[in-house]
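> structure of the sequence below:
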Amino acid sequence: MAKFKLFTEQSNVSPLSRLWRKFKSNHVSLVGLWLFIALAVLATTAPLLAPYGINEQHADALLIPPSWHEDGDVRFILGTDDLGRDVLSRLMNGATYTFGLSIIAALMTTLVGVLVGTFAGMSHGLRASFLNHLLDITLSIPSLLLAIIIIAILGPGLMNTVWAIIFALLPQFIHSVRNLVVEELNKDYISAFRLDGASRWQILVRGIFPNIYERIVVIFTMALSLAILDIAALGFLKLGAQPPTAEWGAILAENLGLIYLAPWTVALPGILLFLAVLSTNLVGDGLRNVLKERRAD
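Modelled structure (predicted):
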């Protein structure tokens, strides 16, 4: 005789498990997730895995094409640049600078953005009006242009670039979190929570955050995608990482004059930038679709 079950299996699954079950059903987003994880692992372990040093030169191997080319050398799988440096080693270490620092910048932006955005959403009166007008002013400036303005104040350099990107992404992140908090505060369950005698802290921790943390993750992926592009763009403009730092945007700028003589020195970092942004956007789109389906249910 079959046992009586009061709850279905789906209702017993945690929200994160249901999120993962729906997410992995989207195979394109799942491929983007594995690519994202691979880039994150590469950014962490690149100094240990790279076959040569970042700036190690080989005087007898200048502008050698990738190893699958008839003039290639198996010692240098992706070839060398005009100074005899191994392209593979530089691109692997570039993942640490471009992708790794972008993750750090996006995480710091998320932490500060959630704190300030929550404060802005919970505020009323003059404070809320001041924060809203300040956000409106800063949001009218594109993030890359705002980062360039901050770099002009702080000076060029890789770490200054990270700080510039954090400050450039903060207004958009704060605005998004504030809207999420205000949206939840206007719902009926929050009113019932207040009538039940809950404090503002209890409303925030037990009512608002459990219902918006998934959307904060989506906003984080969008901020990460912008951070990758901004770090590479500032490096390409020679405002960010300075040569001979092996940052993907700086590598592109450094080898731009070799685009006809040695196209692999320009194409390969461009392909990696494309894959990094693509994987991040695929993960973000997958999460966004899952959340949309969940709200529809």
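> dump the residue contacts of Leu135.
Contact partners of Leu135, counting by C-beta atoms under 8 Å, 6 or more residues apart in numbering, are 120, 171, 174-175, 178. For glycine as for every other residue, the C-beta is placed from the backbone atoms N, C-alpha and C.
> need those in a markdown table (columns: distance to Ser17, neighbour count and pLDDT).
A markdown table is the format used below for the contacts of Leu135 (distance: C-beta to C-beta, whole Å; neighbours: other C-beta atoms under 10 Å; pLDDT from 0 to 100):
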| residue | distance to Ser17 | neighbour count | pLDDT |
| --- | --- | --- | --- |
| Ala120 | 32 | 22 | 82 |
| Pro171 | 34 | 21 | 86 |
| Ile174 | 31 | 26 | 86 |
| His175 | 31 | 20 | 85 |
| Arg178 | 30 | 23 | 87 |
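> between these, which is nearest Trp201?
Ala120 (16.6 Å; C-beta to C-beta).
> what comes up buried for stretch 229-243?
Neighbour-count burial for stretch 229-243 flags 229-236, 239-241 (criterion: 16 or more other C-beta atoms under 10 Å).
> closest to Leu256 among the contacts of Leu135?
Nearest to Leu256 among the contacts of Leu135: Pro171, at 31.9 Å, using C-beta to C-beta.
> look up how far Ser140 lies from the closest one.
9 Å (C-beta to C-beta, to the nearest Å).
> for this protein, which helix is longest?
Secondary structure assigned by DSSP state H gives helix 264-296 as the longest helix of the chain.
> so where is the stretch 1-150 of the chain shaky, pLDDT-wise?
Low-confidence segments of the stretch 1-150 of the chain (pLDDT under 70): 1-16, 125-128, 133, 136.
> hmm, try it at 80
Scanning the stretch 1-150 of the chain with the threshold set as pLDDT under 80 gives 1-20, 23, 123-141.
> Ile77 is in contact with Ser67, isn't it?
Yes: counting by C-beta atoms under 8 Å, Ser67 is a contact partner of Ile77 at 5.0 Å.
> verify the stated contact: Leu144 with Ala164.
No: with contact defined as C-beta under 8 Å, Leu144 does not count as touching Ala164 (9.8 Å).
> neighbour count winner among the two?
Ala164 (29 against 17; other C-beta atoms under 10 Å).
> state the pLDDT value of the more buried one.
We have a pLDDT of 91 for Ala164.
> how much space between it and Phe236?
Separation of Ala164 from Phe236 (C-beta to C-beta): 15 Å.
> same question for Val177.
30 Å.
> what are the C-alpha coordinates of stretch 234-243, in CSV please?
What follows is stretch 234-243 as a C-alpha-only set of coordinates in CSV (Å, rounded to 0.1, in the frame of the first residue of the first chain):
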residue,chain,number,x,y,z
LEU,A,234,41.2,51.1,-19.1
GLY,A,235,44.2,48.8,-19.8
PHE,A,236,43.8,49.2,-23.5
LEU,A,237,43.7,53.0,-23.1
LYS,A,238,46.9,52.7,-21.0
LEU,A,239,45.1,54.2,-18.0
GLY,A,240,44.9,50.9,-16.1
ALA,A,241,47.5,48.2,-16.0
GLN,A,242,50.9,49.5,-17.3
PRO,A,243,53.3,47.5,-19.4
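> could you give the average pLDDT over that stretch?
Mean pLDDT, stretch 234-243: 87.
> same check on stretch 185-205?
For stretch 185-205, the mean per-residue pLDDT is 82.
> list the buried residues of that stretch.
Judged by neighbour count using 16+ other C-beta under 10 Å, the buried positions of stretch 185-205 are 185, 190, 193, 198, 203-204.
> could you list the residues in contact with it?
Residues outside stretch 185-205 that contact it (C-beta under 8 Å, 6+ apart): 118, 121-122, 184, 206-208.
> can you list those in CSV and add neighbour count, distance to Ser102 and secondary structure?
Output for the contacts of stretch 185-205, formatted as CSV (neighbours: other C-beta atoms under 10 Å; distance: C-beta to C-beta, whole Å; DSSP: H, G, I helix; E, B strand; the rest coil):
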residue, neighbour count, distance to Ser102, secondary structure
Thr118, 19, 24, helix
Gly121, 22, 26, helix
Met122, 17, 30, helix
Glu184, 19, 29, helix
Arg206, 11, 33, helix
Gly207, 19, 32, helix
Ile208, 23, 28, helix
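> great, nothing more from me.
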